[in-house]
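1. let's see this in three dimensions:
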Amino acid sequence: MNMKTLLKALSFICLSSLALAKNDCRTLTKTYNLVKGEEIITDCSTNSNGEIVSLNLYNSLDLTEKDLDKILSHSTLNNLVFTEDYGNCEPLVSRISGLSNLEELIIQSYKGHIEKGVLKGLNKLRKLTIQYTYLSNENLKEIVALPNLKELVFYNPEFESNISFTPLKKASNIQSVTIEGNIEYKLTNGLIKNLKKIKKLTIKDLVVTQSLFNEITSLSNLNELSFKLFSSKKDFKVTSFDSVKNLTKLTALEINSDFSEVPEFVYSIPNLRKLTFNNREIKLY
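-> Below you'll find the model as predicted:
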């Protein structure tokens, strides 16, 4: 074989390899969606090298251990959404620890539990979202131990009856927390007041009671605070606002609801510099 022919052969092999790599998402979708007959891979994307970097997985009961091993074997993953309806996150145990480049993780386990060890050792994780899922003391300890976690999002979170939020006081890396619920959801007391070191807090679609408001205003390190509520009459049940004086580091406040005018307590926040009210920036004098 002469040099020209050899180079052509090598080029063909390289191009074939790249084409195959770029089909990783397509292969997963074909294997698990078409063959299994339901949408298991709900979203998938690759980087410029054809490696899978983002994956949305619905954990069907039809998936075998071998299936899960294969699907969660891509060490290049930096974004994973894991959804299941059977109260079982056990498939993530031992598998997710191999995803050494994971930066964003969403776990949605309806009324389910996150087994011990699932969140352990995800050293590059920057954003964690927990939806509908029961959290235990072990889960909180693992969350606090994540060295690069910057953002934590809870959507209708549930907590074990013996939960202690005190480990969150040590969560020095977590800068931003979002807590979202609905009109029927009641947030467990004690969660917010232990988020002592966060800089940004977003409260969305929760009923803000006096006790919850007091917890929020006890966070003296807050720089940014956002309220996004269904109804000011139904969801904002606060009558005493003296505690806003504790928010000495708060410089930005956002309120989106059906308030007809800016609530008076806003003007008692000592160092407020930016106010966004119903999606409009309001000048402060």
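
2. which pLDDT value does the model give residue 72?
-> pLDDT recorded at residue 72 is 91.

3. quick one: the strands in the stretch 101-250 of the chain?
-> Counting by DSSP state E, counting those that start in this stretch, the segments of the stretch 101-250 of the chain that form strands are 104-109, 127-131, 134-135, 151-155, 158-159, 176-180, 200-204, 208-209, 224-228, 236-237.

4. any chance of CSV for the ones you listed, columns mean pLDDT, mean neighbour count and distance to residue 119?
-> Quick note: C-beta positions are derived from backbone N, CA and C, even for glycine. As requested, those are exported to CSV (pLDDT from 0 to 100; neighbours: other C-beta atoms under 10 Å; distance: least, C-beta to C-beta, whole Å):
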stretch, mean pLDDT, mean neighbour count, distance to residue 119
strand 104-109, 94, 21, 8
strand 127-131, 96, 19, 7
strand 134-135, 92, 20, 10
strand 151-155, 97, 20, 11
strand 158-159, 90, 18, 15
strand 176-180, 97, 19, 16
strand 200-204, 97, 18, 22
strand 208-209, 91, 17, 29
strand 224-228, 97, 19, 26
strand 236-237, 90, 17, 33
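
5. nearest to residue 74, out of the ones you listed?
-> strand 104-109 (14.1 Å; C-beta to C-beta).

6. ok, and what's touching that closest one?
-> Strand 104-109 is contacted from outside by 78-84, 87-89, 92, 96, 114, 118, 122, 125-133, using C-beta atoms under 8 Å, 6 or more residues apart in numbering.

7. that strand pairs with which strands?
-> strand 79-84 (parallel), strand 127-131 (parallel) (DSSP bridges).

8. between that strand and strand 151-155, how many degrees?
-> 20 degrees (axes from the mean of the first three to the mean of the last three C-alpha atoms, to 10 degrees).

9. how far does strand 104-109 sit from its chain's centre?
-> Offset of strand 104-109 from its chain centre (C-alpha atoms, centre = their mean, to the nearest Å): 7 Å.

10. export stretch 269-279 as PDB, just CAs?
-> Taking Å, rounded to 0.1, in the frame of the first residue of the first chain, the C-alpha atoms of stretch 269-279 are listed here in PDB:
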ATOM      1  CA  ILE A 269     -34.300  48.200  54.300                       C
ATOM      2  CA  PRO A 270     -31.100  50.100  55.200                       C
ATOM      3  CA  ASN A 271     -28.900  49.800  52.200                       C
ATOM      4  CA  LEU A 272     -31.200  48.900  49.300                       C
ATOM      5  CA  ARG A 273     -29.900  50.200  46.000                       C
ATOM      6  CA  LYS A 274     -32.000  48.300  43.400                       C
ATOM      7  CA  LEU A 275     -35.800  47.600  43.500                       C
ATOM      8  CA  THR A 276     -37.600  45.600  40.800                       C
ATOM      9  CA  PHE A 277     -41.400  45.700  41.300                       C
ATOM     10  CA  ASN A 278     -43.700  43.700  39.000                       C
ATOM     11  CA  ASN A 279     -40.900  43.500  36.400                       C
END
